[in-house]
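# I'll drop the sequence and a predicted model, then ask my questions.
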Amino acid sequence: MENNNNAMMVYGDNGLMMNDFNVRALLQTDMEYVKVFAPGYEMDDVDAYNALQSPDKTVNDSIGDVFNLCGLIAHPVEVVNEATGELVPAPRIVLIANDGTSYVSVSKTLFSSLKNLFAMYRRPESWPKEGIPVKLKQYSKGNKRYFSIELIKDKKK
């Protein structure tokens, strides 16, 4: 385990990273569990662990919430594929707001949204201490619901 610049990375070696989900790809690291925050945002290891184990809210129940995203914790889990009944890997993501509120979702589309955010807007290590304003979004296709985040423009500009 490393604890470096307010970003803890826990090494994994059990090969859970497969198919189209890979936490390592999110932050371009070889770590399995990732905890990363905006510089200067303080969250101690106990609070981070509690956010991971018992998040405050689900993304599903928080659609439309607007908050400043200061960091995230991501790791792989296995879920049942409804069509085949097989266990498949999926991303479990805990978003951390600047007030300490944590939002959890197991969502490949939210994971993809974060990958796009990191590619277009930079990774959390370069965000301002107060984080970046985001809104939780949902869209549907048939019976499926998908989650993402939307960046909110600073109204002062």
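That came in fine, so what should we check first?
# so what's the gap between the biggest strand by length in the chain and the chain middle?
In the chain, assigned by DSSP state E, the strand with the most residues is strand 66-80. Distance of strand 66-80 from its chain centroid, counting by C-alpha atoms, centre = their mean, to the nearest Å, is 3 Å.
# what packs against that strand?
With contacts defined as 3 or more C-beta pairs under 8 Å, 6 or more residues apart in numbering; DSSP states H and E, the secondary structure elements packing on strand 66-80 are helix 23-27, strand 31-37, helix 45-53, strand 87-97, helix 108-121, strand 132-141. For every residue, glycine as well, the C-beta is placed using N, CA and C.
# just give me how far the second one sits from the chain centre.
In this case it means strand 31-37. The chain centroid and the centroid of strand 31-37 are separated by 9 Å under C-alpha atoms, centre = their mean.
# what do you get for the fourth one?
Shown here is strand 87-97, whose average C-alpha point lies 6 Å from the average C-alpha point of the whole chain (C-alpha atoms, centre = their mean).
# quick one: average pLDDT of it?
The average pLDDT for strand 87-97 rounds to 90.
# given that strand, what are its sheet partners and their directions?
Pairing partners of strand 87-97, with direction, according to DSSP bridges: strand 66-80 (antiparallel), strand 102-106 (antiparallel).
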